[in-house]
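Enquirer: got a predicted model here, sequence first, then my questions.
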Amino acid sequence: MTAAETKGQPTYIEKDVVEGGKKVRKKVPLVYSVPMNCPGNGPEDADGGNACGQAMTGCQYVPDASGPYVKIYRHPEDETTPVNWEFVGNTCYTSLLPGGADRPQLTMAMIVKEWKQTPFAKPGLSIQPVNNRTLVTLPTYFALVWPQAGYQPGEVRATTLIGHRVEIRPTFKSNNFQFGDGAGSGPTQSSGGAYPNGDITHAYNDPGTFTVGVSTTYGGQFRVDGGDWADIPGTATIAGPTQQVQVLTSTNRLVR
(Lines give C-alpha, C1' and ligand atoms only; values in the text may rest on other atoms or scores of the structure.)
Protein backbone atom coordinates (compact mmCIF):
# COMPACT_ATOMS: atom_id res chain seq x y z
CA MET A 1 0.00 0.00 0.00
CA THR A 2 1.16 3.54 -0.71
CA ALA A 3 1.63 6.18 1.96
CA ALA A 4 -1.64 7.84 0.95
CA GLU A 5 -3.54 4.54 1.04
CA THR A 6 -2.10 3.74 4.47
CA LYS A 7 -2.84 7.17 5.89
CA GLY A 8 -6.38 7.01 4.46
CA GLN A 9 -7.42 3.93 6.43
CA PRO A 10 -10.60 4.66 8.40
CA THR A 11 -10.68 5.08 12.15
CA TYR A 12 -14.26 3.83 12.49
CA ILE A 13 -16.99 1.90 10.73
CA GLU A 14 -20.72 2.65 10.66
CA LYS A 15 -22.91 -0.27 11.67
CA ASP A 16 -26.37 -1.00 13.04
CA VAL A 17 -26.44 -1.80 16.74
CA VAL A 18 -29.28 -2.39 19.18
CA GLU A 19 -29.52 0.03 22.10
CA GLY A 20 -32.53 0.11 24.42
CA GLY A 21 -34.38 -2.31 22.22
CA LYS A 22 -34.00 -0.08 19.17
CA LYS A 23 -31.79 -0.44 16.15
CA VAL A 24 -29.55 2.59 15.69
CA ARG A 25 -26.78 3.49 13.29
CA LYS A 26 -23.55 4.05 15.18
CA LYS A 27 -19.91 4.82 14.51
CA VAL A 28 -17.77 2.03 15.98
CA PRO A 29 -13.98 2.56 16.29
CA LEU A 30 -11.75 0.15 14.42
CA VAL A 31 -8.94 -1.76 16.15
CA TYR A 32 -5.81 -2.34 14.05
CA SER A 33 -3.11 -5.00 14.34
CA VAL A 34 0.14 -4.72 12.37
CA PRO A 35 2.29 -7.87 12.78
CA MET A 36 5.52 -8.01 10.83
CA ASN A 37 5.20 -9.54 7.39
CA CYS A 38 6.91 -12.77 8.38
CA PRO A 39 5.78 -16.37 7.94
CA GLY A 40 3.40 -17.47 10.67
CA ASN A 41 2.60 -14.01 12.05
CA GLY A 42 -1.08 -13.19 12.50
CA PRO A 43 -3.24 -10.44 14.01
CA GLU A 44 -3.29 -12.02 17.46
CA ASP A 45 0.51 -11.96 17.80
CA ALA A 46 1.55 -9.55 20.51
CA ASP A 47 4.28 -6.98 19.82
CA GLY A 48 4.20 -7.61 16.09
CA GLY A 49 4.98 -11.32 16.25
CA ASN A 50 8.29 -12.77 15.17
CA ALA A 51 10.64 -10.53 13.23
CA CYS A 52 12.50 -11.63 10.11
CA GLY A 53 14.93 -10.31 7.53
CA GLN A 54 12.28 -9.83 4.84
CA ALA A 55 10.24 -7.56 7.11
CA MET A 56 13.26 -5.55 8.26
CA THR A 57 14.81 -5.04 4.80
CA GLY A 58 11.64 -4.92 2.72
CA CYS A 59 11.18 -1.16 3.12
CA GLN A 60 14.74 0.15 2.94
CA TYR A 61 14.37 1.33 -0.67
CA VAL A 62 10.79 2.62 -0.35
CA PRO A 63 10.80 6.46 -0.33
CA ASP A 64 10.08 8.06 3.06
CA ALA A 65 9.18 4.71 4.63
CA SER A 66 10.20 4.00 8.21
CA GLY A 67 9.23 0.33 8.03
CA PRO A 68 9.16 -2.43 8.91
CA TYR A 69 7.10 -4.24 6.26
CA VAL A 70 3.89 -5.23 8.04
CA LYS A 71 0.53 -6.88 7.47
CA ILE A 72 -2.57 -4.81 8.31
CA TYR A 73 -5.57 -6.36 10.06
CA ARG A 74 -8.56 -4.66 11.67
CA HIS A 75 -11.90 -5.34 13.38
CA PRO A 76 -14.67 -3.25 14.97
CA GLU A 77 -13.95 -2.46 18.61
CA ASP A 78 -17.30 -3.83 19.82
CA GLU A 79 -16.64 -7.37 18.57
CA THR A 80 -16.17 -9.96 21.28
CA THR A 81 -13.84 -12.94 21.29
CA PRO A 82 -13.32 -14.53 18.88
CA VAL A 83 -13.11 -11.44 16.71
CA ASN A 84 -13.27 -11.54 12.93
CA TRP A 85 -10.02 -9.94 11.82
CA GLU A 86 -10.13 -8.40 8.32
CA PHE A 87 -6.91 -8.46 6.31
CA VAL A 88 -6.43 -5.05 4.65
CA GLY A 89 -3.04 -5.32 2.94
CA ASN A 90 0.68 -4.76 3.48
CA THR A 91 2.51 -1.49 4.06
CA CYS A 92 5.87 0.09 4.81
CA TYR A 93 4.21 3.16 6.35
CA THR A 94 3.25 1.74 9.73
CA SER A 95 3.32 5.08 11.55
CA LEU A 96 0.68 6.51 9.17
CA LEU A 97 -1.99 4.03 10.26
CA PRO A 98 -4.60 5.17 12.79
CA GLY A 99 -2.76 5.00 16.11
CA GLY A 100 0.32 3.68 14.33
CA ALA A 101 2.64 6.24 15.87
CA ASP A 102 1.75 4.88 19.31
CA ARG A 103 2.91 1.35 18.49
CA PRO A 104 6.72 1.09 18.58
CA GLN A 105 8.09 -1.12 15.81
CA LEU A 106 11.55 -2.48 15.22
CA THR A 107 12.90 -0.73 12.12
CA MET A 108 15.89 -1.12 9.85
CA ALA A 109 17.06 2.34 10.94
CA MET A 110 17.32 1.07 14.54
CA ILE A 111 19.38 -1.92 13.43
CA VAL A 112 21.72 0.21 11.29
CA LYS A 113 22.21 2.60 14.21
CA GLU A 114 23.02 -0.31 16.53
CA TRP A 115 25.46 -1.76 13.97
CA LYS A 116 27.27 1.58 13.70
CA GLN A 117 27.75 1.53 17.47
CA THR A 118 29.48 -1.86 17.34
CA PRO A 119 32.95 -1.71 18.95
CA PHE A 120 34.71 -3.09 15.87
CA ALA A 121 38.11 -4.72 16.34
CA LYS A 122 40.96 -2.44 15.23
CA PRO A 123 43.34 -4.30 12.92
CA GLY A 124 47.02 -4.44 13.85
CA LEU A 125 50.21 -5.33 11.98
CA SER A 126 52.87 -7.99 12.32
CA ILE A 127 56.04 -7.05 10.44
CA GLN A 128 59.08 -9.00 9.23
CA PRO A 129 62.00 -8.46 9.66
CA VAL A 130 61.18 -8.31 13.35
CA ASN A 131 61.71 -5.41 15.73
CA ASN A 132 60.34 -3.03 13.07
CA ARG A 133 63.76 -2.68 11.43
CA THR A 134 64.45 -3.46 7.79
CA LEU A 135 66.92 -2.64 5.02
CA VAL A 136 66.65 -0.54 1.89
CA THR A 137 65.41 -2.64 -1.10
CA LEU A 138 64.75 -5.65 1.16
CA PRO A 139 61.17 -6.96 0.86
CA THR A 140 59.36 -6.28 4.14
CA TYR A 141 56.42 -8.54 4.96
CA PHE A 142 53.18 -7.26 6.51
CA ALA A 143 50.39 -9.33 8.07
CA LEU A 144 47.13 -8.23 9.68
CA VAL A 145 46.58 -9.44 13.24
CA TRP A 146 43.36 -9.08 15.22
CA PRO A 147 43.35 -7.90 18.83
CA GLN A 148 41.21 -9.57 21.48
CA ALA A 149 39.28 -6.35 22.04
CA GLY A 150 36.33 -5.56 19.80
CA TYR A 151 34.29 -7.55 17.30
CA GLN A 152 36.19 -8.86 14.29
CA PRO A 153 34.55 -10.32 11.17
CA GLY A 154 32.32 -13.28 12.03
CA GLU A 155 31.94 -12.52 15.74
CA VAL A 156 28.37 -12.00 16.92
CA ARG A 157 27.07 -9.29 19.23
CA ALA A 158 23.57 -9.63 20.69
CA THR A 159 21.29 -6.91 21.97
CA THR A 160 17.58 -6.29 22.59
CA LEU A 161 15.60 -3.73 20.59
CA ILE A 162 11.87 -3.14 21.12
CA GLY A 163 11.55 -6.50 22.83
CA HIS A 164 13.35 -8.43 20.06
CA ARG A 165 16.68 -10.22 20.30
CA VAL A 166 18.87 -8.73 17.58
CA GLU A 167 22.20 -10.32 16.67
CA ILE A 168 24.75 -8.31 14.70
CA ARG A 169 27.67 -9.91 12.89
CA PRO A 170 30.44 -7.80 11.32
CA THR A 171 31.56 -9.06 7.91
CA PHE A 172 34.83 -8.51 6.07
CA LYS A 173 34.94 -6.35 2.95
CA SER A 174 38.58 -5.36 2.39
CA ASN A 175 41.91 -4.23 3.87
CA ASN A 176 44.07 -1.26 2.99
CA PHE A 177 47.78 -1.30 3.92
CA GLN A 178 49.81 1.92 4.09
CA PHE A 179 53.62 1.73 4.06
CA GLY A 180 54.38 5.31 5.05
CA ASP A 181 56.35 6.39 1.98
CA GLY A 182 53.33 7.13 -0.19
CA ALA A 183 52.90 3.53 -1.27
CA GLY A 184 50.20 1.13 -0.18
CA SER A 185 48.34 -2.04 -1.01
CA GLY A 186 44.58 -2.11 -1.28
CA PRO A 187 41.73 -2.29 -1.19
CA THR A 188 42.57 -5.98 -1.05
CA GLN A 189 40.98 -9.19 0.17
CA SER A 190 44.38 -10.30 1.47
CA SER A 191 45.45 -10.08 5.09
CA GLY A 192 49.11 -10.56 4.18
CA GLY A 193 51.33 -13.07 5.89
CA ALA A 194 54.79 -14.00 7.10
CA TYR A 195 57.97 -14.68 5.14
CA PRO A 196 58.31 -16.34 2.66
CA ASN A 197 54.68 -16.81 1.51
CA GLY A 198 53.04 -13.55 2.58
CA ASP A 199 51.62 -11.60 -0.35
CA ILE A 200 51.69 -8.09 1.18
CA THR A 201 55.29 -6.88 0.84
CA HIS A 202 57.04 -3.61 0.25
CA ALA A 203 60.67 -2.65 -0.48
CA TYR A 204 61.74 0.84 0.62
CA ASN A 205 63.99 2.79 -1.75
CA ASP A 206 65.31 5.21 0.85
CA PRO A 207 66.40 4.99 4.48
CA GLY A 208 64.37 6.67 7.19
CA THR A 209 61.56 6.14 9.67
CA PHE A 210 58.12 5.48 8.21
CA THR A 211 54.65 5.27 9.79
CA VAL A 212 52.78 2.14 8.69
CA GLY A 213 49.27 0.92 9.36
CA VAL A 214 46.26 -0.98 8.08
CA SER A 215 42.54 -0.25 7.96
CA THR A 216 39.68 -2.70 7.50
CA THR A 217 36.35 -2.02 5.83
CA TYR A 218 33.50 -3.89 7.50
CA GLY A 219 30.08 -4.82 6.26
CA GLY A 220 27.42 -6.29 8.50
CA GLN A 221 24.65 -8.82 8.86
CA PHE A 222 21.83 -9.16 11.36
CA ARG A 223 19.12 -11.54 12.41
CA VAL A 224 16.12 -11.07 14.65
CA ASP A 225 14.75 -13.60 17.13
CA GLY A 226 16.96 -16.37 15.74
CA GLY A 227 15.76 -15.98 12.13
CA ASP A 228 17.79 -15.94 8.95
CA TRP A 229 20.79 -13.66 8.52
CA ALA A 230 20.29 -10.60 6.30
CA ASP A 231 22.69 -7.91 5.07
CA ILE A 232 22.94 -4.49 6.67
CA PRO A 233 23.30 -1.67 4.13
CA GLY A 234 26.51 0.37 4.23
CA THR A 235 30.09 -0.13 5.36
CA ALA A 236 32.37 1.09 8.14
CA THR A 237 36.13 1.59 7.76
CA ILE A 238 38.17 1.14 10.93
CA ALA A 239 41.84 2.15 11.10
CA GLY A 240 44.20 0.24 13.34
CA PRO A 241 47.04 1.66 15.43
CA THR A 242 50.09 2.82 13.49
CA GLN A 243 53.69 1.71 13.97
CA GLN A 244 57.11 3.09 13.10
CA VAL A 245 59.37 1.14 10.75
CA GLN A 246 63.04 2.05 10.61
CA VAL A 247 64.67 1.51 7.22
CA LEU A 248 68.45 1.18 7.33
CA THR A 249 71.26 0.88 4.83
CA SER A 250 74.01 -1.72 4.97
CA THR A 251 77.67 -1.18 4.12
CA ASN A 252 80.15 -3.81 3.01
CA ARG A 253 83.51 -3.61 4.76
CA LEU A 254 86.69 -5.61 4.29
CA VAL A 255 88.40 -6.68 7.52
CA ARG A 256 92.14 -7.41 7.61
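Expert: Yep, that arrived.
Enquirer: switch to C-alpha atoms for all contacts and neighbour counts from now on
Expert: Fine.
Enquirer: what sits against Lys15?
Expert: Contacts for Lys15 (C-alpha atoms under 8 Å, 6 or more residues apart in numbering) come out as 25-28.
Enquirer: could you identify the buried members of those?
Expert: For the contacts of Lys15, a neighbour count by 16 or more other C-alpha atoms under 10 Å gives the buried set as Val28.
Enquirer: could you dump the contacts of Lys15 into TSV with secondary structure added?
Expert: Output for the contacts of Lys15, formatted as TSV (DSSP: H, G, I helix; E, B strand; the rest coil):
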residue	secondary structure
Arg25	strand
Lys26	strand
Lys27	strand
Val28	strand
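Enquirer: mind giving me CSV with the contacts of Lys15 and columns for pLDDT and distance to Phe177?
Expert: Output for the contacts of Lys15, formatted as CSV (pLDDT from 0 to 100; distance: C-alpha to C-alpha, whole Å):
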residue, pLDDT, distance to Phe177
Arg25, 84, 75
Lys26, 85, 72
Lys27, 87, 69
Val28, 86, 67
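Enquirer: could the contacts of Lys15 be laid out in TSV, adding distance to Leu135?
Expert: Below are those laid out as TSV (distance: C-alpha to C-alpha, whole Å):
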residue	distance to Leu135
Arg25	94
Lys26	91
Lys27	88
Val28	86
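Enquirer: confidence score at Glu79?
Expert: On pLDDT, Glu79 comes in at 81.
Enquirer: ramachandran angles for it?
Expert: Taking degrees, to the nearest 10, you get phi -70, psi 140 for the backbone angles of Glu79.
Enquirer: give me the neighbour count for it.
Expert: 13 (other C-alpha atoms under 10 Å).
Enquirer: equivalent analysis for Arg169, please.
Expert: Other residues within reach of Arg169 by the criterion other C-alpha under 10 Å amount to 25.
Enquirer: beyond the helix or strand it falls within, next helix or strand please.
Expert: For Arg169, the host element (DSSP states H and E) is strand 164-178. Later in the chain than strand 164-178, the nearest helix or strand by DSSP H and E is strand 184-188.
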